[in-house]
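> how would this look folded up:
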Amino acid sequence: MRSNIILLFLFPLVLFAQYDDEKEILDQLTGDAYKLWFFDRYEVNMGSNETCEEGKSYTFHRSMKVSVKECINESWTTNEYEFSLEKESQFDWWITFNEGRYYLVIRHKGAFMEAKLRTRLSLHDKTDESQDIILKHYIDD
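Numbers count the residues shown, from 1 in each chain. Here you go, the predicted model:
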């Protein structure tokens, strides 16, 4: 009985401990080299000149760079930025790139991983308006 009680208290810590240091959260965000995360679904017109209708993705590289690919005016535009990670407390991480600072939450959701980038100046100011960028990385079978 006593071991069950201890497990109940330790279980939440086990869930969050996986992101305790920068290497572990970098593993989730980039894998061994890079990971492609989708923001908007892609609509590509196939042919000799590949055009697009919509789509946006973020590729996070182990080298601390992020490539943002976006469909603008029916053609693909890619911009690359350096990113940095900052640990605010035991479970709270921030990611900074392209002059933006985002509260970062990564979690598994069935067949994909979800990275939520939340704009907020401070974790402690709940009156601050925030906006979420929800990214999905589909897990290969």
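> quick check: residue 57 touching residue 36?
Yes - with contact defined as C-beta atoms under 8 Å, residue 57 and residue 36 form a contacting pair (5.9 Å). Quick note: C-beta positions are derived from backbone N, CA and C, even for glycine.
> ok, the two, which is more surrounded?
residue 57 (21 against 15; other C-beta atoms under 10 Å).
> quick check: that one vs residue 35, distance?
Distance from residue 57 to residue 35, counting by C-beta to C-beta, to the nearest Å: 10 Å.
> mean confidence score for stretch 78-87?
Mean pLDDT, taken over the full extent of stretch 78-87, equals 96.
> show me what residue 70 is bridged to.
Taking DSSP bridges, one obtains residue 56, residue 77 as the residues bridged to residue 70.
> okay, it: pLDDT?
For residue 70, the predicted pLDDT is 93.
> can you pull the contacts of it?
Shown here is residue 70, whose contacts under the criterion C-beta atoms under 8 Å, 6 or more residues apart in numbering are 55-57, 76-79.
> now tabulate those in TSV and tack on distance to residue 63.
Shown next, in TSV, are the contacts of residue 70 (distance: C-beta to C-beta, whole Å):
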residue	distance to residue 63
55	24
56	21
57	18
76	22
77	21
78	16
79	16
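> ok, residue 65 touching residue 83?
Yes - with contact defined as C-beta under 8 Å, residue 65 and residue 83 form a contacting pair (6.9 Å).
> tell me which of the two has more neighbours.
Counted by other C-beta under 10 Å, residue 65 and residue 83 do not tie: residue 83 has more neighbours, with 19 against 15.
> how near is that one to residue 56?
In this structure, residue 83 and residue 56 are separated by 16 Å, where distance is defined by C-beta to C-beta.
> over to residue 22?
In this structure, residue 22 and residue 56 are 26 Å apart, going by C-beta to C-beta.
> show me which of the two is the more surrounded one.
residue 56 (19 against 13).
> how much space between the most centrally placed residue in the chain and residue 25?
Using C-alpha atoms, centre = their mean, the residue of the chain that lies closest to the mean C-alpha position is residue 115, 3.3 Å off. For residue 115, the distance to residue 25 equals 10 Å [C-beta to C-beta].
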